[in-house]
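In: turn this into a model:
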Amino acid sequence: MSLLDFIVLLIVAGVTGAIGQAIAGFSRGGCLTSIALGFVGALIGVWLSRKLGLPELFMIHIGGTGFPIIWSIIGAALFVAVIALLSRSRR
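Out: Model (predicted):
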């Protein structure tokens, strides 16, 4: 994987993480948080799709590495929703 492939992978992860935050309606942090959420969302989404026996809907291959776009967005939205529920203020 070249440096350009790595940068493109970070951008794709950031976009999917930001979309996941927008769907969940909870946003904490900036660009680095969105990138981390994109990667965590990909892990959660792929795990969930394999457990449910669902297919890979939209996979992008960047430098020989596959990145599941749809499952990353779904996983990021679920992860952000859980974080929002856990960090809600108790008034």
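In: tabulate the CA atom coordinates of stretch 4-11 in CSV.
Out: Provided in CSV are the C-alpha atoms of stretch 4-11 (Å, rounded to 0.1, in the frame of the first residue of the first chain):
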residue,chain,number,x,y,z
LEU,A,4,-1.5,7.8,-1.6
ASP,A,5,-3.6,4.6,-1.0
PHE,A,6,-3.3,5.1,2.7
ILE,A,7,-4.4,8.8,2.5
VAL,A,8,-7.4,7.8,0.3
LEU,A,9,-8.3,5.1,2.9
LEU,A,10,-8.2,7.6,5.7
ILE,A,11,-10.4,10.0,3.7
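In: pLDDT averaged over that stretch - what is it?
Out: For stretch 4-11, mean pLDDT rounds to 89.
In: show me what counts as buried in that stretch.
Out: For stretch 4-11, the neighbour count (16 or more other C-beta atoms under 10 Å) marks 8, 9, 10 as buried. In short, each C-beta sits where N, CA and C put it, glycine included.
In: repeat that for stretch 52-72.
Out: So, applying 16+ other C-beta under 10 Å, buried residues of stretch 52-72: 62, 67, 68, 69, 71, 72.
In: again, but for stretch 80-89
Out: Buried residues in stretch 80-89 (16+ other C-beta under 10 Å): 80, 81.
In: so what touches that stretch?
Out: 20, 21, 23, 24, 25, 26, 28, 37 (C-beta atoms under 8 Å, 6 or more residues apart in numbering).
In: that one - what's its average pLDDT?
Out: Mean predicted confidence for stretch 80-89 is 84.
In: if we can go back for a sec, any of the contacts of stretch 80-89 buried? List them.
Out: Here, 16+ other C-beta under 10 Å leaves 20, 21, 24, 26, 37 buried among the contacts of stretch 80-89.
In: how about the residue positioned nearest the centre of the chain, nearest residue that isn't a chain neighbour?
Out: Geometric centre of the chain, nearest residue: residue 38, 2.6 Å, by C-alpha atoms, centre = their mean. Nearest in space to residue 38, with sequence neighbours left out and distances taken as C-beta to C-beta, 6 or more residues apart in numbering, is residue 13 at 3.1 Å.
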